[in-house]
Each structure stands twice: as structure tokens, then as C-alpha cells.
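In: following is a predicted model, sequence given first.
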Amino acid sequence: MWLLTRVCNKGTIAVTKTFERSGETLSSSSLPAKPTLAVVAERAGVSPPTVSKVINGRADVSADTRARVLAVLEDAGYRSPLQRRTTADGTTVVEVVFDALDSTYSVEILNGILHAAGDLGVEVMVSITAVMPLNQSTPEQRAQRMVDEGRGGMIVVTSAFGGAQLSAFRRRRIPVVVIDPFNPPPADVVSVGATNWAGGKAAAEHLIELGHRRIAFLGGPETAECNQARLHGYMAALMARGLEVEPGYVRMGHFRTEDGVSGLKELLALKEPPTAIFAGNDSIALGVMAEARRNGLRIPDDLSLVGFDGTYQAAEAIPPLTSVAQPLQEMGRAALRTLLRQVRGEQLDSQRVELATQLVVRESTTIPKAN
């Protein structure tokens, strides 16, 4: 079980189970009254277990056999779970999965999804995996529940949704869109993100143009794809100017405030501390700010600082934080629009949607103090 919250403008609507197990009855004007799956199997020229496989969305059924079974089911007035992507009143239901809604990043993305859902008449359910982790159900059970409850698809904004879950969804032909994936998703899984490499490069170039040469990078999880892209953009900017990437200036952690605190402590202990820091996200940057104040350092006079995400916290920080802004709400809107295209069976132009970042210069960066 996960924590599930239904969010919609129409109020809470019960989602009825849509999976019908072998032995349950179907109705149709062209078939005997309340035919069993055995009757459907006989009409389609297959075995009852094969009908059950089709209903469950199993992949081990040939395309011709599947089409034949679905045709008989449709004649019976039965819509398979693979076809049921709406509630009784025709509203499409999608689920959005987060590790937690404890960051401005997550809230901004959710706002974008909800605004688009309101415009498009879509109902959204939010799952919080940090409250009820994925390991409380198997990937197959998780995917089957999506089929059983007739949800159109899922938007994933979490590191906990891995290959096993994606494979289970793929077998049931459940559309999935991943936002800012921690690891590169399979080629057939759609992802939405921002130009992280270009944003990292822009952040470092800004500091270099101000005259900084000792520039540190405090990043998030080392294996996270977005973190790697930001790091490589930072490294590219330094190398393009003939500057060495000092190993002691590159430190990884998580995208949390406390990582900014611990990161600055480690950097200040170096023989030559940096004069500027590029933080992998705004939360890390806020931690740097807090630790700088505790050490009597003034930002930007003693230490220039750039964040990443462009959240409202960056604008409200003291001093206001220079940050690489991601279009977070637009990423949420793009993810929902792309998911709905998959639900409708439309062909996508690309499996990767990448939106532009923009460096927003505020008051946390300036020229370095003379040595």
C-alpha cells in the first residue's frame, strides 16, 4: 500500500475495480446471457487461460490472438483493463508518484501537473513513497493495481521507481512518463527534463566571467543523471577556460540543505578554500548560506554562490540567490500532456522532452576579493 491522495476539482470519486477474474461473468446482446470466460474462449477459439492472460495484459500472447479475444470481449460489451483508462463518468485518472512532497522542486512540478489537469479535465492521484515504500508491494502487484483500478497512466517524480517497476508496467502497456530520472530510463520510456548540462555550464561560466578561478561544485547523488549532467557542464566550462577541476572542490551528497552545510564545512577546511560555489540545487545552496553565516562569511563579498532549480526560495533568500531556473511547472504540464498522448495511443515525436534552463542572476554572486 502507498499513501494515495485524490486531487480533483469535482471532489472525491470512487474508483471501481475493473479487473474481472476467470470465472466471472460478462454480458452481451450477441452472446449468451452472462457468458463465462470459457464461453468467450470458445468463441475466440482459444483456451480460458489465454482469455485471462489478455484481460491481465500479459505479454505472452500473440498479437492476432489478443485481437481476436478482445473482439469477442468487445462484442460482449466488456472493456478490458487495458482499454479502461477512465472513471464511470469518462474522466481520465492518472497517478503521480513522489518520494516525498517536502521540497519546493516537487511542489512546483505538482502545481504544473494540477494546473494542466484542470484545463484538460483530468483527475490526479498523488502517491508518496516515503510514507508507504515501494517494497510493501511487488512491481507486478503495483502494476496490476493500476490495471485493476482503470488508471490511465503514471507520472514518476522519484528515485525509487526502477527497472523492475517499469518492466511490469510495460508488460501491461501502462503509459509511464518519468520526470528528471535519476538513472537513464529504457529507450521506450518517455522522460521529461531540463537542459541540465547547459545549465551547469552557464552557472560556471558566470562565475568565471566574474573573475573566479577557485570554483567548487556541491552536487547531489553521484549516480543521478541530472546531477551528472550539471557536473559535466561545470567541468566543461572550466576546461574551456583552461582551468583545472580540483578534485577537492567536487563533492557529492544529496539534494538537501544539510548537504550544503556539510559541504561548506569540508571546503573551508581546505588549504585554499574556493571563492565561489556552484550548488547542485537551491536546497544545497541554502545550506551553504546558513553555514556561511555561522562562520562569519558574507555572501557574496567573501563567497559567491549559484544554485540550481530557480525555486521561489532562491528569490526570497537573503541575499537573493543567483540560480539556474528550471521550468518546473512547465515540466509538470509537459509530462501530463505527453502521458495523455500515450493514453490515446498517439505516436510521440521523441521519447525525451527537454526544456530550456535559464541563469537568473541575483545578488549572491560578485567579483572575487583581491588575494
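Out: On my side now, so go ahead. The model shown is predicted, which means the values in this text are computed figures rather than measured ones.
In: any chance you could map the helices in the stretch 51-200 of the chain?
Out: Secondary structure of the stretch 51-200 of the chain, counting by DSSP state H, counting those that start in this stretch: helices at 63-75, 104-120, 139-148, 163-171, 196-209.
In: now the fourth one: how far from the chain's centre is it?
Out: Spelled out, it's helix 163-171. Relative to its chain's centre, helix 163-171 lies at 16 Å (CA atoms, centre = their mean, to the nearest Å).
In: stretch 325-333 too?
Out: Using CA atoms, centre = their mean, the offset of stretch 325-333 from its chain centre is 11 Å.
In: I'd like the next helix or strand past the helix or strand containing residue 332.
Out: Element membership for residue 332, per DSSP states H and E: helix 328-343. Using DSSP H and E, the helix or strand that directly follows helix 328-343 along the chain is strand 352-355.
In: for the next helix or strand after that next one, packing partners?
Out: Going down the chain from strand 352-355, the next helix or strand is strand 358-360, by DSSP H and E. Applying 3 or more CB pairs under 8 Å, 6 or more residues apart in numbering; DSSP states H and E, we find strand 358-360 packed against helix 196-209, strand 322-325. Yep, even glycine has a C-beta here, placed from its N, CA and C like the rest.
In: highest mean neighbour count out of the ones you listed?
Out: Comparing those by mean neighbour count (mean count of other CB atoms under 10 Å), strand 322-325 ranks first with a mean of 26.
In: surely residue 263 is in contact with residue 284?
Out: Yes - at 7.0 Å, residue 263 counts as touching residue 284 under the criterion of CB atoms under 8 Å.
In: would you state the strands of this structure in chain order?
Out: 3-7, 93-98, 123-128, 153-157, 176-179, 190-194, 215-218, 250-251, 276-279, 304-309, 322-325, 352-355, 358-360 (DSSP state E).
In: and the ones you listed, which one averages the lowest pLDDT?
Out: Of all the strands of the chain, strand 3-7 carries the lowest average pLDDT, namely a mean of 48.
In: break this structure into its domains for me.
Out: The chain breaks down into these structural domains: 3-13+87-190+329-355, 20-80, 196-327 (assignment by automatic domain parsing).
In: figure out how far the last one is from the centre of its chain.
Out: Going back to what we said before, that points to domain 196-327. With CA atoms, centre = their mean, you get 23 Å for domain 196-327.
In: measure that domain end to end?
Out: 11 Å (CA to CA, to the nearest Å).
In: ok, back up a step: format the helices and strands packed on strand 358-360 as JSON lines; extra columns: distance to residue 289.
Out: As requested, the helices and strands packed on strand 358-360 are exported to JSON lines (distance: least, CB to CB, whole Å):
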{"stretch": "helix 196-209", "distance to residue 289": "16"}
{"stretch": "strand 322-325", "distance to residue 289": "12"}
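In: TSV for the strands of the chain, including distance to residue 208?
Out: Converted to TSV, the strands of the chain look like this (distance: least, CB to CB, whole Å):
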stretch	distance to residue 208
strand 3-7	44
strand 93-98	36
strand 123-128	40
strand 153-157	33
strand 176-179	30
strand 190-194	22
strand 215-218	7
strand 250-251	16
strand 276-279	9
strand 304-309	11
strand 322-325	14
strand 352-355	25
strand 358-360	13
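In: between the domains of the chain, which one is closest to residue 362.
Out: Comparison of the domains of the chain against residue 362 by CB to CB identifies domain 196-327 as nearest, at 3.8 Å.
In: brilliant, that's me finished.
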